[in-house]
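Trainee: Next comes the sequence, and after it the predicted model I'd like to discuss.
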Amino acid sequence: EGRFKSQALLDEAAVLACMTYVDLNPIRAQLADTPEQSDHTSIQLRIRAALKGEQPSNLLPFIGSECDNQPNGIAFSLIDYLQLVDDTGRIIRNDKRGYISENSAKILNRLNIPHDNWLKLTTEFGKLFHGPVGTLQELTDYCEHLEKRRRHFAASCQHFYSN
């Protein structure tokens, strides 16, 4: 158990980047060719459930775009997430041509994450972040809440911004 640690994901952008990084791990490691073949990932569970018109009971659901009085869930649609993972996976694979589609670009634009930064986040998440993950403002709020004087890992937050 000493090798496991938790990281605070402070906003939707951090959650999405971390999910994509983890869901693409088997593809980067060449253990799977597609997300639906990636054993032990949430994306495989979500795809299998979606094919049956269901939602995996042990995963937080995608609930679409944000609005008031919404149930707990991830504030994007499942289709948009699957497209984003597919586009990202095609870009990071050496043997495939790829691009970030217009649909996926909408998510990144809404989160204010440049395409180049997205690729860095989803391929180097484990190297970039060793503590709380999110925008600089979210990190500041998090540190104030915990009554910490210093904002460690603030340099990593730059990847969540357009320059």
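Mentor: Thanks, I have it.
Trainee: Could I get the average pLDDT for stretch 122-142?
Mentor: Stretch 122-142 shows a mean pLDDT of 86.
Trainee: Residues contacting the helix-or-strand element of the chain with minimal mean pLDDT, please?
Mentor: Least confident helix or strand of the chain, by mean pLDDT, DSSP states H and E, is helix 102-111 with a mean of 82. For helix 102-111, contacts defined as C-beta atoms under 8 Å, 6 or more residues apart in numbering pick out 12-13, 16, 76, 80-81, 83-84, 87-88, 100, 114-115, 118, 160. In this view, the C-beta of every residue, glycine as well, is placed from N, C-alpha and C.
Trainee: And stretch 22-32, by the same measure?
Mentor: 33-35, 37-43, 85, 88-89, 92-93, 122-123.
Trainee: buried stuff in the least confident helix or strand of the chain?
Mentor: Judged by neighbour count (16 or more other C-beta atoms under 10 Å), helix 102-111 contains these buried residues: 104, 107-108, 111.
Trainee: Output the residues you listed as a markdown table; include the columns distance to residue 149.
Mentor: Listed next are the buried residues of helix 102-111 as a markdown table, based on distance: C-beta to C-beta, whole Å:
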| residue | distance to residue 149 |
| --- | --- |
| 104 | 39 |
| 107 | 35 |
| 108 | 33 |
| 111 | 29 |
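Trainee: Identify, from these, the entry nearest to residue 153.
Mentor: The closest of the buried residues of helix 102-111 to residue 153 turns out to be residue 111 (C-beta to C-beta; 18.9 Å).
Trainee: How much space separates that closest one from residue 87?
Mentor: Noted for residue 111: a distance of 15 Å to residue 87, by C-beta to C-beta, to the nearest Å.
Trainee: and the helix or strand where residue 16 lies, how far out from the chain's middle?
Mentor: Using DSSP states H and E, residue 16 maps to helix 12-28. Taking the mean of its C-alpha atoms, helix 12-28 sits 4 Å from the chain's own mean (C-alpha atoms, centre = their mean, to the nearest Å).
Trainee: Any buried residues in the next helix or strand after that helix, and which?
Mentor: For helix 12-28, the following helix or strand on the C-terminal side (DSSP H and E) is helix 42-51. Within helix 42-51, the residues that count as buried by 16+ other C-beta under 10 Å are 42-44, 46-47, 49.
Trainee: now swap in stretch 78-91 and tell me
Mentor: For stretch 78-91, by 16+ other C-beta under 10 Å, it's 78, 80-89, 91.
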